[in-house]
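Chemist: got a predicted model here, sequence first, then my questions.
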Amino acid sequence: MRSKILLLVILLHLSIFLSAQKIQMLTTELSNAKTDTNRLRVLNEIAEYFYIGYDYTQCKEYSLQALLLSDKLLQSTTIKQNAGLSNEIKYWNAVSRVNYGSAIIFENPSSAMDSVLLSEQIWSKANHKKGLAFVYGRLADLSSLQSNHQKALDYNEKSIKFYTELKDTYHLANIYYQRALFQRYMGYYGDAMENNITALEMAKESKDSSLVVECLLANGFIYMFVKEFSLAIAAQQEAMKVATAMNDSSYIATIYSDMGNVHMRDGKLDSALQDFKNCFNLRKRLNETLYLSNALLYISHILLKQGKIEQALATQFEALQYAKNLKEGTYVLDVYADIAVSTYKLNYLQQSLTYNDTLLLLSTKYKNSSYSSIALQGIANVNLKQGKRAAAIVALKKAISITNTDDYRNLKEIYAGLLTAQEKSGNYKEAFHNAMLYKRFCDSVETMEKSTKLVSLTNQLEFQNKRALLEVSQEKELALKQSEIRQQKLFRNLSIGSLIIVIIFALSYFKRFREKRKLNIQLEQTVTNLKATQKQLIQSEKMASLGELTAGIAHEIQNPLNFVNNFSEVSKELLDEMKQTLEKGYTDDAKEIMQDVVQNLEKIKHHGKRADAIVKGMLQHSRKSEGKKEPTDINALCDEYVRLSYHGLRAKDKSFNAKFETNFDASLPKINIVPQDIGRVILNLINNAFYAASQNHQQKAEGTLNAEQKKVPTVWVNTKKQGDKVLISVKDNGRGIPKENLEKIFQPFFTTKPSGSGTGLGLSLSFDIVRAHAGELKVETLSAEAAAQAGKDGEETEFIIILPVV
Amino acid sequence: MNILVVDDEKDVKTLFEQRFRKEIRDHEIDFAFAFSGEEALDYLNQHLHQAVLILSDINMPGMSGLELLDRIKKKYDTPPPIVMMLTAYGDADNFNMAKSLGADDFLTKPVDFTNLKEKIKNF
C-alpha cells in the first residue's frame, strides 16, 4: 500500500518541475509586461502552471488577480468601444474564472465547478471553440481529481472534438495524454496505451519533447501494470534517450525512479537498487528536496526485501532527516511507519514503541486513520512481545474503533493480534469470539484479493488484445476489411477471455454459494412460483380462446343436431308412409321410400359424427397438451378452425360481417404435429385476422376512413406445399401492423386490443408452439402508405406458418 | 307456389324435399335451393317474381341472411316477395334486425315443420 502512495507521488514529478521553470520565466515576463492584456495573459498562464504544479494557493492568488483586472478593464468605456479588445479581455476573464474555479476545487468543490461551468456556458453561447476546447480539458481534469473518471472521459472527448476542429496538434497531444491517464486510472490499459501512442505521435509532430518523454513514461507504467516488464524498460530507455538529448536531469531522475519501480516489481532487486540510487543522487544534486525522502524509502524497501534490515533502517533514518525539513508533514508519516517496523524486526522494542507513538500522534494530527491503525497495531505487537498482554489488548481495541470498517486487511491483522493476546492471557471466551471475527475478515480479505486479481486479469487480457491489434496494424497497412476481421477476432478473444473470467468467478464463489444455500432455496421457491404463474397464464390464454370457441361450437353443434333430429323424425314419417303403401301393395313406391330412409340414416350418422368431432375437438383444446404428435390433415384442421372462429365471432357480435375464403392445396400430405397445439395457433391467427379486418371496416363505417377505401373485410386461409415444407397462410385486409409494433407482436403480453379483450399471449404462445414443431411463424404486413408506395391495392397482413413435412 | 330456400347447409335440401314430399308430389309447392346469399340473388335475377316465398338462414359465410333480406326488400318492391328468416340464434337482436329490414316472419331452428307448413299455407 505504501509503495502505491509513493508511486502516485512520482507520477506528479514531471509536471511540477516543468511548471517551476516556466513560472520563473513568466514572473519575469509579468514584471516587464507593458499592456494590460499582456498582463492578463501572463497572470492566467502563471495561474495555470501553478495549477499544473498542484500549488492551489498560488493558483488561486494569480487567477484572482487576473479576474479582478479583467473585470475592471471590462468596465472601462474606451475598451467597451473597441470590440476586438473587449472580446480579448472577455476571453481572459472567462479563462481566469476557469483557473480560479480549479484552484478552489478541494476547498469548495461545488462553487469551483460553478465558476468553471460559467465560462463553459459563455463560450458555448458564443461558440468559442478555443475556449471550449480549453474548458472541457480542464473540466475533465477536475472531474478526475474528484475521482469521477467516467465524467472526466466524457469532458475529455468534447475537448478532443474542439481541438481537432481547431487543428491544434500541440494541445490535442496533451489532451490525448490526459485521456490515456484517466483510462489508466480506470484500469483500461489497452485504451490508455492506444491514446498514449496517439499523443506520442502528435507530440513528435509538434516537437514537444517534454510530452514525448511523458508519453513514453506513461506507457512504461502501463506495461508495468500488466507485467510486461521488458517492454516497460524499453519504453523508459527510449524516454531516457530523449531526456538526455534535452539535457534535462530532472526528467532523467524521474526515469531512474520509474525504472526502479519496474525492476522492483520484476524482482530484479539489484537493478532496482541501482536505479533508485541514481535517482537519489541526481535529485540531491538538483536539490529537489521534496523527493529525496521518497527515493531513500524506495532504497530501504529494496534493502528490506534483500534482508538487509540494519542497512534499511540506516537509510530510513537518513530519509527522516530530509522529510523533517519539508513543509508538508505527511512525508514524515511514511518514514516513521517504516522505521517503526524495521526497529521492531531488529527487536529494538523500546525504539519501535517510541516511533509508533510518534506515528500515532502525527497521523492523528493529519487525520490519517490508516496510519493510526498501523501505529496502534505496532504498539500492540511490541507490548505482546514484552508480555504486556493487557496493554496490547487496549491498543488493539482502540485500533478497531478507528479503523475503517471496509479496511479488511488491517482489521484482519488486528483481530489476529487480539486472538493471540487473549489466548495467552487465558481469556478463551473472548479469544473464541475474536477467532470468529478473524476468520470473517480472512474471508473478506480473500474475496477482496480474488476480485482484485480478477480485475487485474481482465485488464491484462484486454491489454494483450489491444497490443496484438496495434502490432499488427503497425506492421502492415491493413485494408478496412482486414481490420474488421481483426476486430471480430478481438471480440472473440475478449469473449473467450470473459468466459475464462466467468469460470474463475464461478469457482471462487462456489464456496460462498454453498453457504448461501438458504438463499438458493428461496430463489428456487420464487422460480417455482413463477413457473406456476406462467402455467396459469398459459391456461388462462387457453380458456380465453376456449371462450371465443364456445359460441362457435354451440352454433356448429346445433346444426348437425338439428339434422339428426329432423332426419330421424322424417324417417319415422317415411316408414309410416311405407307401411301404408305396402299395405296398398305399391311395392315400387315402398322401395323408393325405403331408399330415402336409408339415405336419411346415412345423414343421421354423418351429422352425429360431425357433432362428435366438434365435441372431441373442444375437449382436446381444453385438455392439457400431452404433446402427442400424430399425422394430421392440415386442410381439415384449418377448415375446422376457420369455421369455429367465424361462427364464434358471428355469435358474439351481431354486426360482425366478414367474409372468409379458403384455398387448400389438395396435394398436402398429412404431417406429424400435435393437432390441438397447431389448431390453437391457427385459431389464434384466424381470430386475430377477423378482428383486424372487421376493426378496419368499423372505422371506415364510422367515417374515420375514406369511403373509397371501403372494402369487404375478408380473411383468406390458404395452404400450400413448398418443397419439403407446408405453408399455412392466414391473410386479412385489415389495417396492417405498424412498423413499430412489428417487432413486439411476438412478445408476451403485447396486445393492441382494448384492455381486457386480449391476454397478449396468443401470438407469443403461437410462436413458441410453431418453434417447438421445428417450424417458423412469419408475418408480412403492408400499411396503407406502404401499400400505396408498392402500388398495391390496399393494406393487408399475412401470417405464415411454415412446418416441415417430415 | 314457389319457395326459395337459402342455407349454407346442403342437407337442408334433402330435408325439405322429404318433409314436403307430399306437397312437392302434388305440385302444391315448388322448391328451389340456394346455398349462399349470392346464389340466392343470382336465382332471383334469373327467375324474376317466380319465388313468392323466400326462406333464408341468417348465418352464412359471405353475404349474411340479413344482408340478403335487405337487398331483396330494396330491389324487388313490386310486389316484394315474402321473406321468412330461419336462424339458430333466436335472440332479440337478430329478431329486431330482421323485422326492421322487413322480414315477414322469423323462425328459430330447429324448424318446427308442422308450424312452417301452417304458415306457408296461410300466405
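Modeler: All right, it came through fine.
Chemist: pLDDT below threshold where in chain B?
Modeler: Across chain B, the ranges flagged by pLDDT under 70 are B:48-51, B:77-78, B:89-90.
Chemist: and the residue of it closest to chain A?
Modeler: residue B:110 (4.2 Å; C-beta to the nearest C-beta). From N, CA and C alone the C-beta is placed, and that goes for glycine too.
Chemist: isn't there a strand covering that residue?
Modeler: No. Applying DSSP: H, G, I helix; E, B strand; the rest coil, one finds residue B:110 to be coil, outside a strand.
Chemist: separation between it and residue B:88?
Modeler: Distance, residue B:110 to residue B:88, using C-beta to C-beta, to the nearest Å: 8 Å.
Chemist: what residues does chain A have near chain B?
Modeler: Contacts of chain A with chain B, taken as C-beta under 8 Å from any C-beta of the partner chain, map to A:555, A:558-559, A:561-563, A:565-567, A:570, A:574, A:596, A:599-600, A:603, A:607, A:646-647, A:650-651, A:654, A:657, A:659-660.
Chemist: can you say which of those residues are buried?
Modeler: Buried by 16 or more other C-beta atoms under 10 Å in any protein chain shown: A:555, A:558-559, A:561-563, A:566-567, A:570, A:574, A:596, A:600, A:603, A:607, A:646-647, A:650-651, A:654, A:657, A:659-660, out of those.
Chemist: contact partners for the residue nearest the centre of chain B?
Modeler: Using C-alpha atoms, centre = their mean, the residue of chain B that lies closest to the mean C-alpha position is residue B:55, 1.0 Å off. Counting by C-beta atoms under 8 Å, 6 or more residues apart in numbering or on different chains, residue B:55 touches B:3-6, B:84, B:86.
Chemist: in PyMOL, select just the buried ones from those residues.
Modeler: Per 16+ other C-beta under 10 Å, the buried members of the contacts of residue B:55 correspond to this PyMOL selection:
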select buried, chain B and resi 3+4+5+6+84+86
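Chemist: and the contacts of residue B:55, which is closest to residue B:13?
Modeler: Among the contacts of residue B:55, residue B:5 lies closest to residue B:13 (C-beta to C-beta), at 7.4 Å.
Chemist: quickly find the element holding that closest one.
Modeler: For residue B:5, the element it lies in under DSSP states H and E is strand B:2-6.
Chemist: got it, and residue A:780?
Modeler: Using DSSP H and E, residue A:780 maps to strand A:776-782.
Chemist: can you list contacts of that strand?
Modeler: Residues contacting strand A:776-782 (C-beta under 8 Å, 6+ apart): A:681, A:736-737, A:742, A:745-746, A:766-767, A:770-771, A:790, A:792, A:794-802.
Chemist: please report how far the residue nearest to the centre of chain B lies from residue B:79.
Modeler: As judged by C-beta to C-beta, residue B:55 and residue B:79 stand 18 Å apart.
Chemist: residue B:91: neighbouring residues, count only.
Modeler: Per other C-beta atoms under 10 Å in any protein chain shown, the neighbour tally for residue B:91 reads 12.
Chemist: how is chain A divided into domains?
Modeler: A:450-513, A:521-624, A:632-804 (automatic domain parsing).
Chemist: which of the ones you listed has the lowest mean pLDDT?
Modeler: Among the domains of chain A, domain A:450-513 carries the lowest mean pLDDT, at a mean of 61.
Chemist: joint contacts of residue B:110 and residue B:88?
Modeler: residue A:562.
Chemist: more crowded one of these two?
Modeler: A direct count of neighbours by other C-beta under 10 Å for residue B:110 and residue B:88 places residue B:88 higher, at 21 against 17.
Chemist: residue ranges with poor pLDDT in the stretch 201-350 of chain A?
Modeler: Checking the stretch 201-350 of chain A against pLDDT under 70 turns up A:328.
Chemist: in it, what residue lies closest to chain B?
Modeler: residue A:226 (75.1 Å).
Chemist: neighbours around that residue, how many?
Modeler: That count, for residue A:226 with other C-beta under 10 Å as the rule, works out to 22.
Chemist: same question for the helix or strand residue A:415 falls within, mean pLDDT?
Modeler: Element membership of residue A:415, judged by DSSP H and E, is helix A:408-424. For helix A:408-424, mean pLDDT rounds to 82.
Chemist: what about dumping the CA coordinates of it to CSV?
Modeler: Only the C-alpha atoms of helix A:408-424 are listed here, as CSV (Å, rounded to 0.1, in the frame of the first residue of the first chain):
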residue,chain,number,x,y,z
TYR,A,408,-10.4,-5.7,5.8
ARG,A,409,-6.7,-6.1,5.7
ASN,A,410,-6.0,-4.0,8.8
LEU,A,411,-9.0,-5.5,10.6
LYS,A,412,-7.8,-9.0,9.9
GLU,A,413,-4.4,-8.2,11.4
ILE,A,414,-6.0,-6.5,14.4
TYR,A,415,-8.2,-9.5,15.2
ALA,A,416,-5.3,-11.9,14.7
GLY,A,417,-3.4,-9.9,17.4
LEU,A,418,-6.4,-9.8,19.7
LEU,A,419,-6.9,-13.5,19.3
THR,A,420,-3.3,-14.3,20.3
ALA,A,421,-3.3,-11.8,23.2
GLN,A,422,-6.5,-13.2,24.7
GLU,A,423,-5.5,-16.8,24.2
LYS,A,424,-2.2,-16.2,26.0
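Chemist: now do the contacts for the residue most central in space within chain A.
Modeler: Ranked by distance to the mean C-alpha position of chain A (C-alpha atoms, centre = their mean), the top residue is residue A:150 at 12.3 Å. By C-beta under 8 Å, 6+ apart, residue A:150 lies in contact with residue A:186.
Chemist: doesn't it belong to a helix?
Modeler: Yes. Judged by three-state DSSP, residue A:150 forms part of a helix.
Chemist: and the gap between it and residue A:188?
Modeler: 11 Å.
Chemist: and if you look at residue A:420?
Modeler: 43 Å.
Chemist: please apply the same query to residue A:772.
Modeler: Plainly put, residue A:772 is 44 Å away from residue A:188 if you go by C-beta to C-beta.
Chemist: look at those two and report which has more neighbours.
Modeler: Set residue A:772 next to residue A:188 and count neighbours by other C-beta under 10 Å: residue A:188 wins out with 21 against 12.
Chemist: hey, where'd the strands end up in chain A?
Modeler: Counting by DSSP state E, residue ranges of the strands within chain A are A:630-632, A:659-663, A:671-673, A:714-722, A:725-732, A:776-782, A:796-804.
Chemist: just these: most buried one?
Modeler: Highest mean neighbour count among the strands of chain A (mean count of other C-beta atoms under 10 Å in any protein chain shown): strand A:725-732, with a mean of 23.
Chemist: need the contact partners of it.
Modeler: A:634, A:638, A:668-669, A:671, A:682, A:685-686, A:688-690, A:692-693, A:713-721, A:796-805.
Chemist: one more: stretch A:424-434?
Modeler: With C-beta under 8 Å, 6+ apart, stretch A:424-434 has contacts from A:384, A:389-390, A:393, A:415, A:418-419, A:422-423.
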